[in-house]
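> The amino acid sequence is not available; the structure is as follows:
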DNA sequence: TGCCCGGGCGCG
DNA sequence: AAAGCGCGCCCGGGCA
């Protein structure tokens, strides 16, 4: 058996005998199906051997090919029924037509907008695919309030809303959260998601990032022509001609005769992908897919809500950070100019001499590395914060004798922190603020391979804990923020998955695990620092953290670090078993799957084996913990709606294992919502996991700004005093 | 000039 | 060689 045959077999063990997979060097032919000879063309074996991304595509393509009839009509892009309407009367008639044709069926919908942002955006067109070959497109939908022959703007928008509300229709999208959010924000249309091909592909077929684009999937699964090439070319030409950057390009610069067919094909591709993915989907993923659909609808509302930015405070902070920055910069300059030599630097590193390199730039790791070499007299392998700490310690101990070193390292650390805050948060947040002073980040339900969410534009999940930054975000006037945090969610999941009696008992008795561990390791008289150490170990050790990393982190010897780890495992034998069990799985070709039916796929290579083993340990834990937050979010959202609290309390953001709501500043409502949310979060794991022996717990905090949160009691009391 | 990468660092 | 996991954003620097 040659390598390609082996690969086909590994990708799809029950590959049909009457079909063939053949290699070709011509990359334009890759993943093309030749129907007459029932052949799938793929890249040559040597490319699949080294290119993981290509191997990934190969696996998907072979699986799809195995389960498809190469003569199926989903591969036909020649005979499509494409209709369009842009005059008000035509639009009216077409909406009726769509409703009539769709009947009790599924409708695929896709929109085109001017850009991707919230502000300065416009809806350009809407497409509706009513079957696998038919798409209706609407554009130039009038919004100027004028009357037309027998049809007003209002009638059109009412008809559209009625269509989206039709209880007999199911709505399918590709990343519908984007479309539905924009329809609401730009046109005040309420649409919802019943099916989503992006989420289905993510959770049912391939969890890897960057594989869910509609264009890629269309080419890989549907033999679709690369119709976006034309679009890309227009984009680039337009930008060149008008001398603008690609980021400044807007889709209304594209002529409608090109944009509309493009959208129609997107709709049809989505429709065909849904049919195909339902056949290819891992059956165990059905449950989590349904939850993701619920979550897409809820996160659409979360994104629309956004969080209020305190612009006055932002400007104060900008001023004070700026002052701090120039102080730190001055201190740095004093030292740096004694060492910095652009010519010497350029000579020894090969870096180009530019205007900028006349002065030392602390943001450049390359320059910093060279500087440290000069100061210390020996090279350093890294210039990160941990290394700087270590070097500073060495200054204290007298290991480093250069008198400049201490000042230099300290000012680098100060300058770095200030720049990070200024560049990423102060400037970054202001840049994405909407005109109503709210920040509307995007939550990517398909953002990670473990099932966690990622967040972008801005990333709402990495706002510094530092008060002075966190206070940039606050509740609107008349509202308070209510933050609900799972207490040690991942460690509770580890207790559950391993079944370790000592961990379970700790949570059943509601004890402090970190203190327990500190006592196990250091004895009953452990110090505060030792508890912090225990905490770090608790979080790290379960993910395969080794003695070298522990010893580097705490400045203890390797032997001591090993001793700590051994003691930790001795008191938690079933955790040790769990870890050993998980580490063994990749060696035996066993899947890495989670309790709610998610799976991670790995190409197991020797060089990355240790890393992959750590992922086998970590993934089921991280995944289940984040799914509990997501499921709790859904339960909380439903409870708020079912109890008519939707306008008094809105979920505004989430951060992995915490949920933040913006609630009316009324202590009765706040207490009611907070306590109920805590209950929901404690109960959710037991609702979705059979025989879960570990109790879960959520803490709640309340406050007017995100950086200054207080206990619920304290808030309620403060309200009583105010009365 | 735009694009991609790696280093660094913010979060859980 | 280095070895805890998962992300996104900023910057510098090299490349086309």
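Perfect, I can see it now. Source: prediction; values computed, not measured.
> Can you name the residues of the stretch 551-700 of chain A sitting close to DNA strand C?
A:607, A:610, A:611, A:614, A:615, A:618, A:619, A:622, A:656 (CB under 7 Å from any atom of the strand). (C-beta placed from N, C-alpha, C; glycine too.)
> what about the strands in the stretch 301-450 of chain A?
Taking DSSP state E, counting those that start in this stretch, the strands of the stretch 301-450 of chain A run over residues A:307-309, A:438-439, A:442-444.
> Give me the sheet partners of the second one and which way each runs.
Sheet pairing of strand A:438-439 (DSSP bridges) gives strand A:307-309 (antiparallel).
> contact partners of the strand it pairs with?
A:429-430, A:433, A:437-439, A:460, A:472-476, A:652-653, A:660, A:662, A:706 (CB atoms under 8 Å, 6 or more residues apart in numbering).
> For the closest residue to DNA strand B within the stretch 501-650 of chain A, list the residues it contacts.
Closest contact between the stretch 501-650 of chain A and DNA strand B, by CB to the nearest atom of the strand, is at residue A:622 (6.0 Å). Shown in contact with residue A:622 (CB under 8 Å, 6+ apart): A:450, A:451, A:452, A:490.
> returning to what we had before: and the residues of the stretch 551-700 of chain A next to DNA strand C, which are buried?
Among these, those scoring as buried are A:614, A:615, A:618, A:619, A:622, A:656 (criterion: 16 or more other CB atoms under 10 Å).
> ok, now which ones touch the last one?
By that I understand residue A:656. A:452, A:453, A:461, A:626, A:629.
> So which of those residues sit within strands?
Nothing among those maps onto strands, per DSSP state E.
> and those residues as TSV, adding pLDDT and neighbour count?
Below are the contacts of residue A:656 laid out as TSV (pLDDT from 0 to 100; neighbours: other CB atoms under 10 Å):
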residue	pLDDT	neighbour count
A:452	97	20
A:453	97	22
A:461	97	18
A:626	97	23
A:629	98	24
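> Show me which of the residues you listed is closest to residue A:698.
residue A:629 (9.6 Å; CB to CB).
> Point out the residues in the stretch 201-350 of chain A that sit beside DNA strand C.
A:209, A:349, A:350.
> Enumerate every residue touching the first one.
If a contact means CB under 8 Å, 6+ apart, then residue A:209 has A:446, A:447, A:448, A:449 as its contacts.
> Who wins on neighbours among the residues you listed?
Neighbour counts for the contacts of residue A:209 peak at residue A:446, which has 23 neighbours (criterion: other CB atoms under 10 Å).
> Quick check: nearest residue in space to that one, chain neighbours excluded?
Among residues not flanking residue A:446 along the chain, residue A:202 sits closest, at 3.9 Å (CB to CB, 6 or more residues apart in numbering).
> What segments of the stretch 501-650 of chain A are strands?
A:592-593, A:599-600, A:649-654.
> biggest helix in chain A by residues?
Using DSSP state H, we find that the single longest helix of chain A is helix A:609-642.
> That one to strand A:649-654, inter-axis angle?
On the basis of axes from the mean of the first three to the mean of the last three CA atoms, to 10 degrees, helix A:609-642 is oriented at 170 degrees to strand A:649-654.
> next one: helix A:609-642 to chain centre, how far?
Chain-centre distance of helix A:609-642: 13 Å, with CA atoms, centre = their mean, to the nearest Å.
> In that helix, which residues are buried?
Result for helix A:609-642 [16+ other CB under 10 Å]: buried residues A:612-637, A:639-640.
> Quickly name whichever of the residues of the stretch 551-700 of chain A next to DNA strand C is closest to residue A:315.
The closest of those, once distances to residue A:315 are taken by CB to CB, is residue A:656, at 30.3 Å.
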